[in-house]
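Asker: how would this look folded up:
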Amino acid sequence: MDSQDKALEQGTLDEEKAVEQPAEVQEPQEETPVVENITAEEVPAPEAVEEASAPEEKAEPEAKEEAPREEPSAPVAQEEAPEEKATKEEPDQKTYSTKQEILDRVKKLAHGSENLSKAEIDHLKTSFYKLHLAQREEEQKAYVEAGGDPEKYQVLPDELEEQFKAEMSLIKEKRAKLYQQQEQEKKENLKRKEEIIEKIKGMITSPDAVNRAYQEFKALQQEWKEIKLVPAEKANELWRNYQLYVEQFYDLLNLNREAREYDFKKNLEIKTKLCEEAEKLAEEPDVISAFHQLQELHQQYRETGPVARELREEVWARFKAASTIINKKHQQHFEQLRAKEGENLERKTALCEKVEAIAQKENKNASDWEKHTKEIIAVQAEWKTIGFAPQKMNVKIFERFRAACDDFFGRKAEFFKGLKEHFSENAEKKKVLVEKAKELSDSTDWKSTSEKLINLQKEWKTIGMVPKKLGDQLWNEFIGACNKFFEARNAANAGSRNEEHQNLSKKKEIVAQLKALLTDAKEGAQEKVQELADQYNQIGYVPFKEKDKIYKEYHDVLDRLYKELNISVARQRLDRFRSNLKNMAKRGEDVIDNERGRLMRQYEQMKSEIITYENNLGFLNVSSKKGNSLIDEMNKKVGKLKEELEMVKEKIRAIDKQNREQEEEEQQ
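Answerer: Residues are numbered from 1 along each chain as shown. This is a model prediction of the structure:
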């Protein structure tokens, strides 16, 4: 008896361990999307994963006159990872577009007899709350865009959500009840299999009993195959006991060779077909599906009886080789998944750091808050494009990200709450200016009211912001009142403005004639210059914006003419004085009168000085040398005073002429 036969007698032969066991991969939990200023609805946690079934039994060896060498055991069906089960239950998850559509499906599951797929239930939860949060975000956005106060926005109860929660509670109770039923069924199956083992144990008391009980033994084997799941903690021990007594039964069984060979042949056909199906699975593109199909083939292989001794190793090696290929692909798939989840964790960690850095930036005004809000919303959008992180870190990294966002938007809400109070103060100030502008809009005191409205506009600019809708309304009222006044003023002054433009054209024509004298000076040019200067001084007002420009241009050409034509400085001063009379007149009659009074006082003073000098000249001794020198100096002073006295007289005449012309215009 070889080592395996001894192991059979002792009941200690271990199960085949050639097939690699892939590491269990936890199902990633759906994270709640980030929505500004809306608390994410807590998605109910998925129910506990059902306890996986224990490995199934090994195949029985064939009957022999002598104790046979054990056929290599079939590979153990491997424990499925939670996400593998989900894929097996629901390979194609439906995409839902409305909450009502999801609710209809949940109601059908809660009240129907369909299989309650955990993958589908989790998918329905995730899909519902994604649509639910997106709807909330749109409702709040519409509320704010319509001018609503973000601080006063309230989330309204959602009837569909309440119905959804109620139906999901029914499903949870239904699944819990089903789980209890399955556990009870496992216990009953354990009891039935223990009874089968006891019956087989009783059959092997003697060779005669074994031969007589063969058909009963085959029936027990079939019954054993039909009994499925048992408690996981009892599965291995149960299987070893069953295997031990089945092998002992075959050792004692004395079947005829023809029947034994027929069984070997049928078993070989079945196992060869199972090998072929396992080999085809290598071409299956869906690794998860291939893995689950392999588990079914393992179950069938274990339930199939032995083949001829010389073919056992060959058939088993073929099936084992095909299984190894599928298991390695399965393991590589989850290794890649874990690597991808690691990359996602790194990307999400970087986004957390980015949001935390933005949240720490200083926000001096509303513009800064809005700028940083757009940056955080952009990061949130990027976050949604990244898949799950490893399960142990997925919730933690999301909580970190959510905390940074909540901190920023919480402080933003506080800022705008204070800003709202400031807005109210600004609005009251602008309302006062609007009322003042309306009171002045019908005034016909063009000059004074223009200055007042301009001052109101300057004051308006110093007042801070108000809410956009109210701000637009106040501005339209304010600018409307201002425009009403200025339009009326412009209509009233339309005639005078035309006259001012005509005066400007006349002055430009005179300047052009003066410039022509510079290049074509003729006899009598001095008289022509004086004539043109007199004409210029008689022309009225020009547009205010053009006044300084034409004044400078006129005096520049006039100074050049005086220089080139050698006209006296006194004459230049007199011409400038006449030109300035127009500006003095604009300032009022008092200015002209004051100037004339000043000139009269100057005239009398100069006249008195001349008389004094002339009296003093009569007392000087003309015979002395010193006296002759003093007389000459005094004569020069008297001559200069007389020239200046004449200039003062000319200025007085110019003022009188200006006054006469103005009186004539007023009489007309």
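Asker: Now stretch 407-418: buried residues?
Answerer: 408-409, 412 (16 or more other CB atoms under 10 Å). Heads up, the C-betas are built off the backbone N, CA and C, glycines and all.
Asker: residues in contact with it?
Answerer: 36-37, 150-151, 355, 358-359, 363, 366, 369, 372-373, 376 (CB atoms under 8 Å, 6 or more residues apart in numbering).
Asker: Report the rounded mean pLDDT for it.
Answerer: Mean pLDDT, stretch 407-418: 84.
Asker: And stretch 506-521, by the same measure?
Answerer: Mean predicted confidence for stretch 506-521 is 80.
Asker: follow-up on the earlier one: so can I have JSON lines of the buried residues of stretch 407-418 showing secondary structure?
Answerer: Output for the buried residues of stretch 407-418, formatted as JSON lines (DSSP: H, G, I helix; E, B strand; the rest coil):
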{"residue": "Phe408", "secondary structure": "helix"}
{"residue": "Phe409", "secondary structure": "helix"}
{"residue": "Lys412", "secondary structure": "helix"}
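Asker: Spell out the residue ranges of the helices in the stretch 451-600 of the chain.
Answerer: Here the stretch 451-600 of the chain has its helices, by DSSP state H, counting those that start in this stretch, at 468-492, 494-519, 525-538, 544-565, 569-586, 589-619.
Asker: as a whole number, average confidence for the first one?
Answerer: Taken as a whole, helix 468-492 has an average pLDDT of 84.
Asker: And for the shortest one?
Answerer: Averaged across helix 525-538, the pLDDT comes to 78.
Asker: got the angle for that helix vs helix 494-519?
Answerer: Compare the direction of helix 525-538 with that of helix 494-519 by axes from the mean of the first three to the mean of the last three CA atoms, to 10 degrees and you get 170 degrees.
Asker: can you pull the buried residues of helix 525-538?
Answerer: For helix 525-538, by 16+ other CB under 10 Å, it's 525-526, 528-529, 532-533, 536-537.
Asker: which helices and strands does it pack with?
Answerer: Counting contacts by 3 or more CB pairs under 8 Å, 6 or more residues apart in numbering; DSSP states H and E, helix 525-538 packs against helix 494-519, helix 544-565, helix 569-586.
Asker: Glu277: which of these is closest?
Answerer: helix 544-565 (98.0 Å; CB to CB).
Asker: average pLDDT across that closest one?
Answerer: On average, helix 544-565 scores 79.
Asker: do the same with stretch 194-206
Answerer: Mean predicted lDDT for stretch 194-206 stands at 83.
Asker: Show me the contact partners of that stretch.
Answerer: 209-210, 213, 216-217, 220, 223-224, 227, 238, 241-242, 245-246, 248-249, 252.
Asker: Stretch 475-486 too?
Answerer: Residues contacting stretch 475-486 (CB under 8 Å, 6+ apart): 430, 433-434, 437-438, 440-443, 449-450, 453, 456-457, 460.
Asker: Distance from the chain centre to that stretch, please.
Answerer: Distance of stretch 475-486 from its chain centroid, counting by CA atoms, centre = their mean, to the nearest Å, is 39 Å.
Asker: repeat for stretch 643-660
Answerer: Averaging C-alpha coordinates over stretch 643-660 and over its chain gives two centres that are 79 Å apart (CA atoms, centre = their mean).
Asker: for the chain, what's the longest helix?
Answerer: Ranked by number of residues, the top helix in the chain under DSSP state H is helix 309-360.
Asker: what distance separates the next helix or strand after that helix from the middle of the whole chain?
Answerer: For helix 309-360, the following helix or strand on the C-terminal side (DSSP states H and E) is helix 366-384. Centroid separation for helix 366-384 versus its chain: 4 Å, with CA atoms, centre = their mean.
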